[in-house]
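**Student:** kindly return the folded structure for what I paste below:
(chains A and B)
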Amino acid sequence: MSQPLVELRHVDRSFKQGRVMIPVLQDINLTVAPNEILCLVGESGCGKTTTGKIIVGLLSQSAGDVLYQGRPVGEFRGKERSAYRRALQIVHQDPFASLNSAHTIGQILSYPLKRHKMVHSRAELRRRIWELLTLVDLTPPGDVVNKFPHQLSGGQRQRVSIARALTVEPKLIVADEAVSMVDVSIRVSLLKMMHRLRDQLNLAIVFITHDLALAKYFAWEGRIGVMYLGRMVELGPTPDVIVNPAHPYTRALISAIPEADPELTRRKERMILRSEDIPSLTEIPAGCAFHPRCPFFVPGLCDSRVPPLADAEGFRHQVACLPLTQGDALREYGDAFREEQS
Amino acid sequence: MGIDHAIGFGAAASPTGLIIGILCGLIPLVLGLRKRFVRPALLGFAACVFGGAAAGIWGGALMIVLTTAVVISYAYVDRQDPFTSRASIDQVSFEETRFDFFIRQMAALGRSTRAATRALVRNKAGFIGFLGLLFFFLMIVFGPLFIEYDGESHMERRRPGASSLYQGPTREFPLGLDWAGRDVLSHVVYGGKNLILVSAEAGLLTTIVAVALGSLAGLLGGVVDQVFSALSNFILTVPSFPLLLVLASVITFDNMTYLALLFAALYWPTLMRAVRAQVFSLRERDYVQAAIALDLGMFHIIFREVLPNMISYIVVNMIFTIRSAMYNLVGLVFLGMVPIQEPDWGVMIYFGRAKGAIFNPNAASMLISPIIAIALFQLFLVLFTRSLEEIFNPRLRQGL
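**Tutor:** Model (predicted):
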C-alpha cells in the first residue's frame, strides 16, 4: 500500500466542560490512503465529527499523533502549513450555516482562488468558477453565480460548499454528514457526484454519517469504521463489515436497518440489546464501553479490559471485541432478553 | 471648520452647488435616455441635482457614481456577459477589456443600490424615519436660503403692556419670539446642525472604539479578552453621566470634538461587550471554520466573514449611541456645563430655564419648539434603524 495521506496514531481528544474533562475520542488509530473512501458511522455523540475535524486539522488532538504524508502536522510551518491546510478540506453538515450569507456564490468561490493565486487573471478566475460550478452539476453556472446563498436550495448550497472545497485542489475531503440535511430525492445525485469527483480529481473522501444504509451505498468500494463512545469498534472493507459484521454493536446496527420490503423487515431477526440507553460520555463504562448493552457480554472479561482493535479469527477486518479477538465464539449472556422477545 | 467641511455638509446650499449638481446629473440623464431607461435617468438627474445643491462637489460626485451605476445596471442586462449566456464552456470567451470590467462592476454596484433602495422603501416605519431625517437634512441645508438667522435682540418687538419680549406664535413669527425678541423659528432651523454633527461624531467614535476592541477581544480571546473585559466592567460601574458632568465642568471645551471623544471614552463598554459576544458566536460558525480550512487568513476572516454579518447590528447600535450622545449633550448644555454657543437646540432649552420661560405662558412655544425638534429627530432616528436592518441584512434584502 502506498503511503497514507493522513494517519491518526493513538489520538485522544477531550473537551473541558466546567471542571469535568469529557473524553470524546480515545485511542483512535486510522489511516486514509489517497483516493480512498472511508466511511465513519456511529450514533450521535460518538466522536465522528471530532475525528473528521482532527483529520482536517480544525481541531488539535489532546494526545497522540496526526501525520500528513508521513510527517506530524505540528511540524509544518509557513508555506508547507498552508499547503497542508489546503490539501484537506471539509464539507459541513448544515448547508444553511456553511455559506456566509453576505457574499454571492461567485464571491465565495473567488476568495480562495485569488488568495492562493490559483488563477492569474480575471478571465481565468471567471473560467475557473464556471468550471467548478459545472463540476458540481450547478448548470448553467450563470444562474447561480450572482445569487446569495439564501436564494439557493439546500442541495444547491451543499454543491456550492463542495465547489468551495474544490477551489484549492484538495487531496482529501471530509464530508461531515454532508447529505443528511438534504432532501432524500437529491441525496443520491449528490453521492453519485461525489463518487465522480473522487474518480476525476483523485480525491480521498472521509464520509461521516449516522446512516449505515447510506454508508453501505456510498463506501461499497472503500472501508467502513464503526465508532462507539469515542472508540473505533470495527474497521474494515465495507462488504466485509456489512455482510459479515463482527462486533455486536455493528450487528445490532445492521439488524436495525429497515429493508425496502415491509414483509422482509417484519421477518428480519432483530438483535435485542440489554439496554436501550447510551451511557453518558462522562461515565463511560469500564472495559469495553459497550458491555452494559451487549447481549454477548462475558462477565469478568468484557468489563475489566479495554479491547484493542485487532484481527479476529473468521473475519477479514479488525474488531475491538475481546471474546472475538481471543478466538472464542460469541455466546449469549443470560436469557432475560430471549423471554422478553417471545 | 472640521468635520462638517470635510464631508461637505457645512457648505450649505449654494448656487454653485446647484450648477455642479446639474452638470453631474447630465451623465446619468444622457446615458439613461440613450439606452431608453427614462425613469432611472430622470430620477438620477434629480438625485444628482439634489446632491450637488445640498453638499457641493462631494454630494454631486457621490450621486454621479450611484445613479450612473443604477442606470448601467438596467442597461447591462443586454450586454454580453459570458455568465448570462447558456453556451458551454468552450463556446464562451472569458476575456474582457478593462472597460467591460468597469461596466460590470458598476452594474453590480447599481444592483445593490437598487436592492438597498427597495429595502428602504419596503419597511414603512423605516421609510417614515428616513423621510423624517431627510426633512431635518433639508431644513438644515436649505433652510438658511429662506430664513435668516436672527441673532440680535430686538427691543422694538416688545408689545405695549407686555412684561417681557416673549411672544406666542404670530403670522410673522410662526414659532414666536424668545427672551430677546428673536425669531424662534430661525433658531430651530439653525440650531440643529452642530448638535447633530457632534452627536454623530460621538456615536461614530464610540462605535469605532467598541468594534475594534470587541472584535479583538472576541477573536483573540485569552488575556486580551480578559483585560478589555475588566476595563469595560470598570467603566460600566462608574456612573457615566455624572462623571461626564464633572469632567465637562473641569475641562473647558473650545472644540466640541473633544466632548465627542470624552463621550466615546465613557460609553464604549456597552457596545464593546455586545460586539464581543457576537464575534464569539460568529467565529464558531461553519463558514468561518471553512475559511480556516481554506487558509484564507485572519484579515479575510475578520473583514469578509465576521464583520459583514455584524454590520447591521453595529449600524443600528451606532444609531442608538448617537441618540444617547444627543441626550447627554443636551443634558450638559441644559445644565450649563459646556460653553454656550448659539444657535443650538440645547441652548434654547437652557435659556428657557434661565430666562424664566417656565413661568411665562407666552414663552411656551419657545420652550416647546426645541424639545419637539429633538424628540422628533430621535424618533426618526429610531424608526430609520428598522430600514437599516433590512438594508444591511442580505437575508432580508430582496435580491435582484
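**Student:** going by C-alpha atoms from here, please, whenever you check contacts or count neighbours.
**Tutor:** Fine.
**Student:** which residues touch A:Glu332?
**Tutor:** A:295-297 (CA atoms under 8 Å, 6 or more residues apart in numbering or on different chains).
**Student:** flag every buried residue along the helix or strand containing B:Ala119.
**Tutor:** Element membership of B:Ala119 [criterion: DSSP states H and E] is helix B:98-122. Using 16 or more other CA atoms under 10 Å in any protein chain shown as the burial criterion, the residues of helix B:98-122 that qualify are B:103-104, B:106-116, B:118-121.
**Student:** could you do stretch B:282-293 as well?
**Tutor:** Neighbour-count burial for stretch B:282-293, with 16+ other CA under 10 Å as criterion, is recorded at B:282-283, B:285-293.
**Student:** cool, and stretch A:193-202?
**Tutor:** Within stretch A:193-202, the residues that qualify as buried by neighbour count (16+ other CA under 10 Å) are A:193-195, A:197-198, A:202.
**Student:** what does that stretch contact?
**Tutor:** A:34-35, A:135-137, A:171, A:203-205.
**Student:** what is the mean pLDDT for it?
**Tutor:** Model confidence over stretch A:193-202, given as mean pLDDT, is 91.
**Student:** check stretch A:98-113 too.
**Tutor:** Here the mean pLDDT over stretch A:98-113 is 89, rounded to a whole number.
**Student:** how long is it end to end?
**Tutor:** Start-to-end span of stretch A:98-113 (CA to CA, to the nearest Å) is 18 Å.
**Student:** hmm, it touching chain B?
**Tutor:** Yes - when contact is scored as CA under 8 Å from any CA of the partner chain, part of stretch A:98-113 falls within range of chain B: A:98-102, A:111-112.
**Student:** hmm, who's touching that stretch?
**Tutor:** Under CA under 8 Å, 6+ apart, the answer for stretch A:98-113 is A:92, A:119, A:125, A:129, A:144-150, A:157, A:160-161, A:163-164, A:167-168, B:285-287, B:290, B:294-296, B:305, B:308-309, B:393-395.
**Student:** now with 6 Å?
**Tutor:** Judged by CA atoms under 6 Å, 6 or more residues apart in numbering or on different chains, the contacts made with stretch A:98-113 from elsewhere in the structure are A:145-149, A:164, B:286-287.
**Student:** domain ranges for chain A?
**Tutor:** In the domain annotation for chain A, the residue ranges read A:6-233, A:246-341 (automatic domain parsing).
**Student:** between those domains, which gets nearest to B:Gly222?
**Tutor:** For B:Gly222, the closest of the domains of chain A is domain A:6-233, at 15.6 Å, according to CA to CA.
**Student:** quick one: that closest one to chain centroid distance?
**Tutor:** Here domain A:6-233 shows a centroid-to-chain-centroid distance of 10 Å under the convention CA atoms, centre = their mean, to the nearest Å.
**Student:** and stretch A:286-304, by the same measure?
**Tutor:** Counting by CA atoms, centre = their mean, stretch A:286-304 is centred 26 Å from the centre of its parent chain.
**Student:** circling back to that earlier point, which pair in the contacts of stretch A:193-202 has the greatest spatial separation?
**Tutor:** Across these, the two members that end up farthest from each other (CA to CA) are A:Pro34 and A:Asp137, 24.0 Å apart.
**Student:** so how far is A:Lys147 from the most centrally placed residue in chain A?
**Tutor:** When chain A is reduced to its mean C-alpha position, the nearest residue by CA atoms, centre = their mean turns out to be A:Ile208, at 2.3 Å. As defined by CA to CA, A:Ile208 lies at a distance of 29 Å from A:Lys147.
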